[in-house]
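Task: produce atomic coordinates for the following.
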Amino acid sequence: MQVKNKTNGFRVIFLSVFIIITYEFILISQNNVIDILNYFGILKDLRFQLIFSMLYQVCSYLLVFFLIRRYIFPYKVSKYQLKNPIKIYFVTAILAYLLAAAVLSFFTFVFYLEPSESELMFEKLLKGYPWFGIISALIIAPICEEIFFRYYILNFLETQFKPRTAVILSALLFGAFHLNIRQFLFATVLGFVLGIVYNKTKDIRHSIFLHFIFNLVSFINVVVLINPSIILLAIIAVFYVSKVNFRKEELEKV
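So this is what the prediction gives:
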């Protein structure tokens, strides 16, 4: 993607952070909205609160997408065909999960990072209302987060930074977006891998699908314990993905 933009790198980072903080503010405010509605006798049932929460998230994303498209990043992005998609999906899914699990396991072992209150609450909701987890974690999150962080934030950062730097910055912002240290570690690694895939394909469908696979694995609570072979395998996988030629041919702008 070639975009001529007079803005400097600092301004691009500032705008990216501002966009994410704005969305965080909108998202966090949903609890206040639910409390107000509950005060007036609306949404007293937890099931309706969860439905309202999902709708609130989707509407918030749509509002942010509109603002970005209208005022921040009004560009179209060139797409690339993916070479050997099954192989790429398989290798990248293994890479993302093993690397994220290894990083999280290492820091948990060294610093004993306890699950946050929000993590425990979400796990409790999944056990009591699995449909909420399926819709929220396997549908809304992969689609909306990939459009937000990969299509908009990553492409916007690439207007002023080299692709590798833009991928790293977008991954760090994606990790910080989750607002706790454990998910920061997990999401940053995932964001890095998804950023590589999106940067080399410029097709958001691939990162959405891989994000779905990653969340699905987490959803069924598959645990990978730390050991040297996992870390070594993750490093090899990173090297492999960084060298493989994803792009088959460049297509015209759409």
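
Quick one: the helices in the stretch 151-254 of the chain, in order.
Counting by DSSP state H, counting those that start in this stretch, the stretch 151-254 of the chain has helices at residues 155-157, 163-177, 181-201, 204-219, 228-243.

contacts for the first one?
For helix 155-157, the surrounding residues in contact (CB atoms under 8 Å, 6 or more residues apart in numbering) are 1, 12-13, 15-16, 68, 72-73, 75, 77, 165-166, 169-170. (Glycine included, C-beta is placed from N, CA and C.)

quick one: low-confidence parts of the stretch 151-254 of the chain?
Scanning the stretch 151-254 of the chain with the threshold set as pLDDT under 70 gives 217, 220-254.

If we use 50, what do you get?
Along the stretch 151-254 of the chain, the parts satisfying pLDDT under 50 run over 222-230, 249-254.

got the helices of the stretch 151-254 of the chain as CSV, with distance to residue 42 and mean neighbour count columns?
CSV is the format used below for these (distance: least, CB to CB, whole Å; neighbours: other CB atoms under 10 Å):
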stretch, distance to residue 42, mean neighbour count
helix 155-157, 38, 23
helix 163-177, 29, 20
helix 181-201, 31, 23
helix 204-219, 30, 20
helix 228-243, 48, 14
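
For residue 36, find the nearest of those.
Minimum separation from residue 36 across those (CB to CB) falls at helix 163-177, 25.3 Å.

Now tell me what touches the closest one from outside.
Taking contacts as CB under 8 Å, 6+ apart, the residues outside helix 163-177 that touch it are 13, 16-17, 20, 24, 145, 149-150, 153-154, 157-158, 161, 183-192, 195-196, 199.
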